[in-house]
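Visitor: No sequence on hand, only this structure:
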């Protein structure tokens with residue numbers, strides 16, 4: 001079957017305290033999908049179940065080897081989900097706050113692209 005892209009959404013996420021790349025990545029994905037509606041999935045593509053759409057997520061984040069993929073994909077409510085994680089994003093010098101359990105002064109910034117595809 002052919003796959004056709006229906007929409008590509010982009011987002012950014014930051015973990016200011018805690019130095020968790022998974023949190024930054026999940027926030028980037030949540031930001032990408034935060035302000036959308038996909039009526040075209042039903043009205044144009046003709047899907048009857050939103051879990052039939054294909055959702056491909058690409059995230060660039062510092063320390064990609066530490067990302068827990070299942071937690072990032074859990075942000076997405078529907079679809080056949082896949083995740084590609086790569087090195088990228090940004091590390092910004094912040095301020096470690098002991099009461100927030102910071103490990104160091106790093107703030108982690110992730111960027112994400114979420115692509116929704118349909119098969120026809």
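Guide: Yep, it's here. No experiment lies behind these values; they were computed from the predicted model shown.
Visitor: right, and the helix or strand after the helix or strand bottoming out on mean pLDDT in the chain?
Guide: Least confident element among the helices and strands of the chain, by mean pLDDT, DSSP states H and E: helix 40-43 (a mean of 85). Per DSSP states H and E, the first helix or strand lying C-terminal to helix 40-43 is strand 54-61.
Visitor: Can you list the strands that that following strand pairs with?
Guide: Partners of strand 54-61 in the sheet, by DSSP bridges, are strand 80-87 (parallel), strand 106-119 (antiparallel).
Visitor: Now tabulate those strands in CSV and tack on mean neighbour count, distance to residue 39 and mean pLDDT.
Guide: Placement of C-beta: from N, CA and C, glycine included. Shown next, in CSV, are those (neighbours: other C-beta atoms under 10 Å; distance: least, C-beta to C-beta, whole Å; pLDDT from 0 to 100):
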stretch, mean neighbour count, distance to residue 39, mean pLDDT
strand 80-87, 15, 19, 98
strand 106-119, 21, 12, 96
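Visitor: who touches the residue most central in space within the chain in this structure?
Guide: Nearest to the mean C-alpha position of the chain, counting by C-alpha atoms, centre = their mean, stands residue 29 at 2.5 Å. Shown in contact with residue 29 (C-beta atoms under 8 Å, 6 or more residues apart in numbering): 11, 13, 57, 59, 72, 75, 76, 112, 114.
Visitor: before we move on, what about residue 80?
Guide: Residues in contact with residue 80 (C-beta under 8 Å, 6+ apart) are 51, 52, 53, 54, 55.
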